[in-house]
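# I would like to see how this sequence folds:
(one chain, ligands or ions: 2)
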Amino acid sequence: MSDRTFGIVKPDAVKAGATGDILAMAEKAGLKIIGARMIHMKKEDAEGFYHVHADKGFFGELTAFMSEGPVLVFVMEGANAIKTWRDTLGATNPAEAAEGTIRKKFGTNIERNAAHGSDAPETAAFEIGYFFNGLQLFSR
Ligand code: ADP
Ligand code: MG
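Ligands and ions are numbered 1, 2, ... in the order given. Purely as a prediction, here's the structure:
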């Protein structure tokens, strides 16, 4: 069944010039990019996006990182899109990520780990809706 997921090329990876490589890895994994744009989040925007982590010790640092520079937010569609994209990303900590994954290739540490991916259908729906409306998505 075809479903949707949401990704972010995080500020570290945009700055490193890895945006194109990361999008190419999504497409090579069989995912169709149906919406994308660059934004520079304010700290409050990052806090809203990561509200589920508000009680974590790393919340302040994480939201400062996510608002330190521009990011590419994008929406993907495909068979098992959520799992496919999480597998392509690799483990949260780049040191534990499998060879050939995005976080292994482009991540620096557990915080600056290059890219984001939704972890479940409900979070994908929230995250897509946080940045995109229906007219900005091009299902094929
Ligand atoms: P994932 O992005 O793999 O779903 P989480 O949802 O657990 O991981 O965390 C969200 C983001 O918060 C991570 O991608 C990473 O940037 C950051 N993060 C997670 N754990 C830590 C930590 N222990 N210290 C600092 N930053 C963290
Ligand atoms: Mg997560």
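
# tell me where this protein has helices.
Using DSSP state H, the helices found in the chain span residues 11-15, 19-28, 43-49, 59-66, 81-89, 102-106, 121-131.

# can you put those in TSV and add mean pLDDT?
As requested, the helices of the chain are exported to TSV (pLDDT from 0 to 100):
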stretch	mean pLDDT
helix 11-15	99
helix 19-28	98
helix 43-49	98
helix 59-66	98
helix 81-89	98
helix 102-106	98
helix 121-131	98
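
# quick check: which of those is buried the most?
Ranked by mean neighbour count, the helices of the chain are led by helix 102-106 with a mean of 22 (mean count of other C-beta atoms under 10 Å). No exception for glycine: its C-beta is placed from N, CA and C like everyone else's.

# let me see the contact set for residue 82.
By C-beta atoms under 8 Å, 6 or more residues apart in numbering, residue 82 lies in contact with 3, 5, 117, 118, 119, 120, 121, 124.

# which one (most neighbours) among the residues you listed?
residue 5 (28 neighbours; other C-beta atoms under 10 Å).

# who's that one bridged to?
Taking DSSP bridges as the rule, residue 5 bridges to residue 76.

# and residue 117, by the same measure?
residue 7.

# my guess is it meets residue 7, correct?
Yes. With contact defined as C-beta atoms under 8 Å, residue 117 and residue 7 form a contacting pair (5.5 Å).

# give me the common contacts of these two.
Common neighbours of residue 117 and residue 7 (C-beta under 8 Å, 6+ apart) are residue 85.
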